[in-house]
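Visitor: For reference, the sequence and a predicted model appear below.
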Amino acid sequence: MSGEGFFAPMRMGMRSAVNVSAEMLAALLETPALHALLDGFGEALIVCDGDSRVRFLNLAAERINRVARQDVLGLTDSDFYQRSALQFDDFLQSVRRGGKSALTRSRDGRLFLTRLQSVPAGAYEKPYTLLIQREYEPRESAGRSAPAPSLADSPASLGDPQDNALHMSPLLSDIADMGVRAFRRRARLLLLGEPGVGKTAIARHIHRAAGWGDRPFVDVNCASIPETLFESEMFGYERGAFTGALQQGKRGYIESAAGGTLFLDEIGEIPLQVQAKLLKFLDDGTIQPVGSPLSKKVQVQVIAATNKDLKALVAAGLFRADLYYRLAVLPVDIPPLRAHRDDLPVLMDILLARINRDRQPPLRLATACRQRLLGYDFPGNIRELVNIFERLAVLADDVAEEQHLPPELLDTAALAGEAEPLPFASADEPLKAQVQRFERQVILQAVRLCGSKRKAAQHLGIDVGTLIRKQQRD
């Protein structure tokens, strides 16, 4: 392979073939012989015509982008980018700036170098475009004079905080290993835990450790989908199913995960009217796209996750009991970081090592800074821990001191020694008055600790209106 890329010699030939009309190029792309030749290439090849519509993609492109050829032929390039399993945001920004290449990231964290080349057509005709993708390894760019492709994450960034922190924690690794054994037996998993504890990371680990790394992993945040679009996004829709629908229809998340894993995060946010349709899919493995009279069979392994009490939602009539029992074949409780504090020194050391992998001068923690971190409860769990280390990597030169820590962490340490002692019980005062006085004291300390009434209410697990009433009553 040349330094310019895989298609450097062929590109020269393309530039000289200006007498090849767009019609001839279109006919060439229909020939089985060319299909057989390009399907044997390890690089992903995607050809778009002068109207930016997909005219051909080889088998490598189907595998890397997790799409089927028959589903994307004729789509505009923008629709193709949306259907692909890769994130094209950085690539599109690079093209707008006049660039020809950038890194694209798959859902499982792999990087692919994506390059755009022009294929001239006949005179006065719009050129075809060729998109070439291959897995990116940093050592490939060593010694080259060309600029490195762009990537959204800076070198000091730790990327997905939960994914990066999973293998650092012995307890989380043990929990994930138990999930892997259940997953291999086709048991459905329901991951339970506070936000930021690592549910997404554990789901990805289970998918990969079970030997499914080359299969789709479709991560769906149910809370981020508008209720009116939930059914069409999850199950897909046929052409003309509703006003504004794509002419060729759209494949839903479930079908996109065919042969792999569908991770339903925030499962408690699924609209009640759609839960029956999801239940049917879990029962018999069939889906019926919106606007279609026919059902289709889809083989998918499902992992669900939530930070809510689904049993309470069932009792309140907000979540179907039968759906809960289909999902919770094996409920897995993931503890908050404060519940496995013995893992904290290991987490901190490895996060520091990850930062120093691409950083000069290397960063180290001052003793006082480390002690502050070890004494903190991390209400945001692993996600908050990684966020703090990303902050230290930006603010500190070579030694991270206490002043580089977030204000809320410093306030916590300062207020711990200043907090007024909680009141003792008094035999001369009614119990109700003692309870109210105790509540006001706890609320006062929470407000001082968190910096605002709203944050204090979240910390105490009550709404802000209740906090204000309890604080103001006599």
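Guide: Structure's in. What do you need?
Visitor: quick one: contacts of the helix or strand harbouring Phe263?
Guide: Under the criterion DSSP states H and E, the helix or strand holding Phe263 is strand 261-265. When contacts are taken as Cβ atoms under 8 Å, 6 or more residues apart in numbering, the neighbours of strand 261-265 outside the stretch itself are 199-200, 203-204, 206-207, 212, 215-223, 253-254, 270, 300-306. (Each C-beta comes from the backbone N, C-alpha and C, glycine too.)
Visitor: Inside helices: which ones of those?
Guide: Assigned to helices by DSSP state H, the following of the contacts of strand 261-265 qualify: 199-200, 203-204, 206-207, 253-254.
Visitor: Just the buried subset of the contacts of strand 261-265, please.
Guide: 199-200, 203-204, 206-207, 212, 215-220, 222, 253-254, 270, 300-306 (16 or more other Cβ atoms under 10 Å).
Visitor: Break this protein into its domains for me.
Guide: The chain breaks down into these domains under automatic domain parsing: 8-139, 186-333, 338-418, 431-472.
Visitor: Take these and lay them out in a markdown table including distance to Ser173 and mean pLDDT.
Guide: Written out in a markdown table, the entries for the domains of the chain read as follows (distance: least, Cβ to Cβ, whole Å; pLDDT from 0 to 100):
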| stretch | distance to Ser173 | mean pLDDT |
| --- | --- | --- |
| domain 8-139 | 17 | 77 |
| domain 186-333 | 8 | 87 |
| domain 338-418 | 10 | 82 |
| domain 431-472 | 29 | 76 |
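Visitor: Dump these to CSV, plus distance to Leu171.
Guide: Written out in CSV, the entries for those read as follows (distance: least, Cβ to Cβ, whole Å):
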stretch, distance to Leu171
domain 8-139, 22
domain 186-333, 10
domain 338-418, 4
domain 431-472, 24
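Visitor: wouldn't Ser106 be in contact with Leu86 here?
Guide: Yes. Look at Ser106 against Leu86 with Cβ atoms under 8 Å: they come within range, at 5.5 Å.
Visitor: what comes up buried for stretch 371-388?
Guide: Within stretch 371-388, the residues that count as buried by 16+ other Cβ under 10 Å are 372-373, 376, 378-386, 388.
Visitor: what's the most distant pair in the residues you listed?
Guide: Spatial extent of these (Cβ to Cβ) is set by the pair Arg372 and Arg383 at 18.6 Å.
Visitor: how about the strands in the stretch 351-474 of the chain?
Guide: Ranges of strands within the stretch 351-474 of the chain are 364-365, 399-400, based on DSSP state E, counting those that start in this stretch.
Visitor: deepest of the ones you listed, which one?
Guide: Sort the strands of the stretch 351-474 of the chain by mean neighbour count, taking mean count of other Cβ atoms under 10 Å, and strand 399-400 sits at the top with a mean of 19.
Visitor: how near is Leu25 to Pro331?
Guide: 56 Å (Cβ to Cβ, to the nearest Å).
Visitor: Comparing those two, which residue is more hemmed in?
Guide: Counting neighbours by other Cβ atoms under 10 Å for Leu25 and for Pro331 shows that Leu25 has the greater number, 22 against 14.
Visitor: any idea how far stretch 290-304 is from the chain center?
Guide: 22 Å (Cα atoms, centre = their mean, to the nearest Å).
Visitor: hang on, Ala456 packs against Leu444?
Guide: No. At 9.0 Å, Ala456 does not count as touching Leu444 under the criterion of Cβ under 8 Å.
Visitor: Looking at those two, which has the bigger crowd around it?
Guide: Set Ala456 next to Leu444 and count neighbours by other Cβ under 10 Å: Ala456 wins out with 22 against 14.
Visitor: Give me the distance between the more buried one and Leu92.
Guide: Summarising the geometry, the distance separating Ala456 from Leu92, computed by Cβ to Cβ, is 42 Å.
Visitor: can you check Ile334 too?
Guide: Separation of Ile334 from Leu92 (Cβ to Cβ): 36 Å.
Visitor: between the two, who's got more neighbours?
Guide: For Ile334 versus Leu92, the count of surrounding residues by other Cβ under 10 Å is larger for Ile334: 24 against 15.
Visitor: Not counting residues beside it along the chain, what's closest to that one?
Guide: Gly193 (3.5 Å; Cβ to Cβ, 6 or more residues apart in numbering).
Visitor: Identify the residues contacting the one you found.
Guide: The contact partners of Gly193, by Cβ under 8 Å, 6+ apart, come to 199, 305, 307, 333-336.
Visitor: Could I get the contacting residues of Val220?
Guide: With contacts defined as Cβ under 8 Å, 6+ apart, the neighbours of Val220 are 234, 253, 262-265.
Visitor: just curious, which of these is nearest to Val314?
Guide: For Val314, the closest of the contacts of Val220 turns out to be Leu264, at 16.6 Å, with distances computed as Cβ to Cβ.
Visitor: that older thread, mind telling me the two of the ones in helices among the contacts of strand 261-265 farthest from one another?
Guide: Of all pairs drawn from the ones in helices among the contacts of strand 261-265, the one with the longest distance (Cβ to Cβ) is Lys199 and Ile254, at 19.8 Å.
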